[in-house]
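> pasting the sequence and the predicted coordinates here, then a few questions.
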Amino acid sequence: MEGGKVEIFDTTLRDGEQTPGLSFPLAEKLEIARELDQLGVDVIEAGFPASSKEEMECVEEIVRAVETPVCGLARIKERDLKPAFDSGVEVVHVFASTSEIQMKKSMKMTRDEVLEQSVDIVSVVKEAGKTCLYSPMDASRTEEDYLLEISRAVEEAGADMINIPDTVGVALPDQVRGMVTAVNNEVEIPLSVHCHDDYGLAVASSIAGVRGGAKQVQVTINGLGERAGNASLEETVMNVERMDTFHTGIEKEGLFKASKLVERLSGIQLPPTKPVVGRNAFSHESGIHAAGMVEDKSTFEPELMNPETVGHRRRFIVGKHAGRQGLEKVLSEAGLEPNESEINQILKKVKSISSNGKKLSEADLYAIAETELGRPTGKELVELDQVFVMTGDNATPTATITAKVEGEERTESGNGVGPIDAVFSAMKSIIGEKKQIEISEFRIDAITGGSDAVANVVVALEDERGTAAEARGTGDDIVIASVEALLNAVNLLARKDDAERDISKKVKNLETER
Ligand code: MN
C-alpha cells in the first residue's frame, strides 16, 4: 500500500442537508462553508443547483465566500448543467443510478440509456472546462461487469474522478475495498468512496476504501445525511491520520469547534458517547481511570485520540465511580484545594448521594465541597436582583433581568420563542461582552406530581473558551428555577475560567523565575 494524502470531500451542505427534517438557511450554509474552509477540506459540495433557483444562488454565494473548490451535484440531464455552471462551481458531481433496481424503478431507464447519457453529460461538463466527478449511484448493488463498463466509459469521456457510493449503506467494509480495487484495476483516474451508516459501518467502509486505493472520502460533519447518515468527517479523518503512511490536510484542532457549530445550526444533537466530538469522548469518571489519567494520560487515552488533538476538553466527572485523584482534579479546576481528610469527607458525601441514583451536577459538587471546607461562596460574576417575565398566546415572550455584573448594576430585556428562551436571551445580554455562552443542555424534571410540582432544571453551558459548567435550579416556578440554574451555571463557568487563569499565571511566574 502506497499511502499518501487522502482528500476530504465534505458533503455536509448537500447530503448532510438531506437529513430528514433539516434545512440550512443561506446564512447558516455560509457559516458552515467558512468553517469547512478553515478546517482545510479539499472540496465542499455545496448543493444541487438544479433543484431550485434559491439553491443555485445559495451555491453561488458559497463559491464566492470560500477559497476551497466548491462542487455542485447534477443528474445526467442536460437541464441540470446550466444551473450548475451558472453557480460558478469548479467541480460538477454527476450521478446516475447503476443498480438494476434503481435504474428500473427510480430512473426508469435501461442500462444502455444510463451509460450513454452519463457519457454525454460528462463530455459536456468537460467541454465547459469543469472538473467532473462521476458517481455510479448504488454501486454496491450494481452488477460488477456493468460497474466496470460504465467506469471505463466515463473515464474515456473525460471524467476526472469516479466516486463509489454505498448509497444505501449495505456494503461490508471488505466489499467496499473489493469494489475500489476492481474499479482501480480498470481505470487510471483516481477514486473516491461515499458510505452511508445504515449498519454503523460508514467510517469502517470509508477506511477500507482508502486501504483499497481510494484517494478521496466523502464525509459530513457529525455524520449528517440521509437516513442513518454518512461517514462522519471527524471519525474518518482521525482514522486516516492514525494509519502511518496516510494523512489528510485537515486542521484537526478545529474538529470539535466545527462539530459544535453544525450541531447547533442543525439542531441535531450528538449522543454524548459519539467518538472524537461527543461530550463524553474524553470524560473520565471511574476512580481507576481518573487516577491513571492524572498519572499519565496514555493510560486510558490512546495515542493521537486525545482532546488536545481535536480541540476538545478532557473532563473528570465526579459521581458514583469517582476516586480521590479525579475529585481533586475537578475541585482544583474551580480553585479549591482541599486537604486529604477534606477530600475523603467530600468523596463520602458524593458517593452516598450518587449511590441513591441521583445525578450530581457539577454545581452540586462544588456546593458540597464548599460546605465541607467551611468556605463562603466567593464573589459571583452575576448577582440577580430581579426577573420579570411576560408571556401569552398573543404576545412575544419577553424577559427583563436586573442584576449586578461584577458589582455593576444592569437591566436587560430579551425575547424568545417561550419564556425560558426569553430569559436566556436576556441573561446573554446581561453578561454581554464578559462571556459568550452557549447552552449545551437544558432539562426539566418534575420531582413531584401535580400542577404544583417542584421542577428540577439542569442547565449546561459552554463558553467561547470551551469551558463547560453544569448547574441545577429547583423550585415550583419552572421559569424561576431555570433562571436559578442558568445563573448558577454562569457563575460556575466564570469561576472555572478564573481558576484556570490563576493556574496559568502561576505557571508563567514560575517560568519567569527560572
Ligand atoms: Mn449519499
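Noted; the coordinates are in hand.
> before we move on, what SS does the nearest residue to Asp197 once chain neighbours are set aside have?
With sequence-adjacent residues excluded and distances taken as CB to CB, 6 or more residues apart in numbering, Asp197 is closest to Ala228, at 4.3 Å. Every C-beta, even on glycine, is put in place using the N, C-alpha and C of the backbone. Secondary structure state of Ala228, per DSSP: H, G, I helix; E, B strand; the rest coil, is coil.
> does Ala228 touch Cys195 like I think?
No - the criterion here is CB atoms under 8 Å, and Ala228 misses it with Cys195 at 10.8 Å.
> higher neighbour count, these two?
For Ala228 versus Cys195, neighbours defined as other CB atoms under 10 Å are more numerous around Cys195 (30 against 13).
> packing partners of the helix or strand hosting the more buried one?
Using DSSP states H and E, the element containing Cys195 is strand 191-195. Strand 191-195 is packed against strand 161-166, helix 173-186, helix 202-211, strand 216-219, with contacts defined by 3 or more CB pairs under 8 Å, 6 or more residues apart in numbering; DSSP states H and E.
> out of these, deepest packed?
strand 216-219 (a mean of 29; mean count of other CB atoms under 10 Å).
> which residues does that one contact?
6-11, 15, 42-43, 45, 161, 163, 165, 190-195, 206, 209-210, 230-233, 236-237, 240 (CB atoms under 8 Å, 6 or more residues apart in numbering).
> can you say which of the helices and strands packed on strand 191-195 is nearest to Glu149?
helix 173-186 (8.9 Å; CB to CB).
> contacts only, for Glu383.
Taking CB under 8 Å, 6+ apart, one finds 403-404 in contact with Glu383.
> what is in contact with Ala228 and Cys195 at once?
Joint contacts of Ala228 and Cys195 (CB under 8 Å, 6+ apart) are 169, 202.
> longest helix anywhere in this protein?
For the chain, the helix that runs over the most residues, judged by DSSP state H, is helix 478-513.
> show me what that one is packed up against.
Secondary-structure packing of helix 478-513 (3+ CB pairs under 8 Å, 6+ apart): helix 324-333, helix 362-373, strand 382-392, helix 419-431, strand 437-446, strand 455-463, strand 468-475.
> confirm Val277 sits in a strand?
No - counting by three-state DSSP, Val277 is located in no strand; its state is coil.
> what about it, neighbour count?
Val277 - counted by other CB under 10 Å - has 27 other residues nearby.
> I'd guessed it sits against Gly311; true?
No - using CB under 8 Å as the test, Val277 is too far from Gly311 to be in contact (9.3 Å).
> list the residues that contact both of those two?
Counting by CB under 8 Å, 6+ apart, the residues touching both Val277 and Gly311 are 255-256.
> how about the strands in the stretch 251-400 of the chain?
Secondary structure of the stretch 251-400 of the chain (DSSP state E, counting those that start in this stretch): strands at 283-284, 315-316, 382-392, 395-405.
> tell me the centre residue of this structure?
Ser259 (2.2 Å; CA atoms, centre = their mean).
> what's the pLDDT at it?
We have a pLDDT of 97 for Ser259.
> and Glu45, by the same measure?
98.
> so it: helix, strand or coil?
Following three-state DSSP, Glu45 is assigned to strand.
> what bridges to it?
Following DSSP bridges, Glu45 is listed with bridge partners Cys71.
> OK, contacts around it?
By CB under 8 Å, 6+ apart, Glu45 lies in contact with 9-11, 13-15, 70-73, 93, 218.
> distance of it relative to Leu493?
37 Å (CB to CB, to the nearest Å).
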